[in-house]
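K.L.:
Sharing a model that was predicted from the sequence below.
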Amino acid sequence: EVQLVESGGGLVQTGGSLKLSCAASGFSFDYYAITWFRQAPGKEREGVACISGRYGSEIYADSAKGRFTISSDNTNQTVYLQVDNLVPEDTATYYCALNGLCSPKPSDQASWGPGTQVTVSS
């Protein structure tokens, strides 16, 4: 059974950093891609970064370039999202999702974690 579980969210002040984790099980990283999404209240779910186990590539949304870094520990089947210089606009629930290839579309994802809340205070 595929399972994704996010952790690492919390309350942080503007300018702070967080490292989110996505622990995955039930499949092999080598053949899939993991995308981090976020959804703020009243807004659509947005893909921010993806890492492909199959191709070893990383893709970032324009809004994520420069402050977001995605990485993976294939041995432990964990994908990380480092977010630096946080601003209140980063406040959202952050999700990781599984697909065969990197895609920013929520509808393309095969499986989702329950999410982790990030709140940035001004």
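P.N.:
Cool, the structure landed.
K.L.:
and Gly53, how many neighbours does it have?
P.N.:
Neighbourhood size, Gly53 [other C-beta atoms under 10 Å]: 19. From N, CA and C alone the C-beta is placed, and that goes for glycine too.
K.L.:
In terms of helices and strands, where is the residue nearest the centre of the chain?
P.N.:
What sits nearest the mean C-alpha location of the chain, by C-alpha atoms, centre = their mean, is Trp36, with 2.3 Å. Taking DSSP states H and E as the definition, Trp36 sits inside strand 33-39.
K.L.:
How far does that strand sit from its chain's centre?
P.N.:
4 Å (C-alpha atoms, centre = their mean, to the nearest Å).
K.L.:
Pull up the pairing partners for it, direction included.
P.N.:
strand 46-52 (antiparallel), strand 92-99 (antiparallel) (DSSP bridges).
K.L.:
Can you show me the helices along this structure?
P.N.:
For the chain, helices defined by DSSP state H do not occur.
K.L.:
Residue ranges in it under the pLDDT threshold?
P.N.:
Along the chain, segments meeting pLDDT under 70 are nowhere present.
K.L.:
hang on, the earlier thing: among the strands paired with strand 33-39, which is nearest Ser25?
P.N.:
In terms of C-beta to C-beta, the element of the strands paired with strand 33-39 nearest to Ser25 is strand 92-99, at 10.9 Å.
K.L.:
Which residues does that closest one contact?
P.N.:
Where contact means C-beta atoms under 8 Å, 6 or more residues apart in numbering, the residues beyond strand 92-99 that reach it are 2, 4, 6, 9, 20, 22, 24, 27, 32-40, 43, 45, 79, 81, 106, 108-118.
K.L.:
Can you flag the buried ones in the residues you listed?
P.N.:
4, 6, 9, 20, 22, 24, 27, 32-38, 45, 79, 81, 106, 109, 111-113, 115-116, 118 (16 or more other C-beta atoms under 10 Å).
K.L.:
how close does Ser72 get to Ala33?
P.N.:
10 Å (C-beta to C-beta, to the nearest Å).
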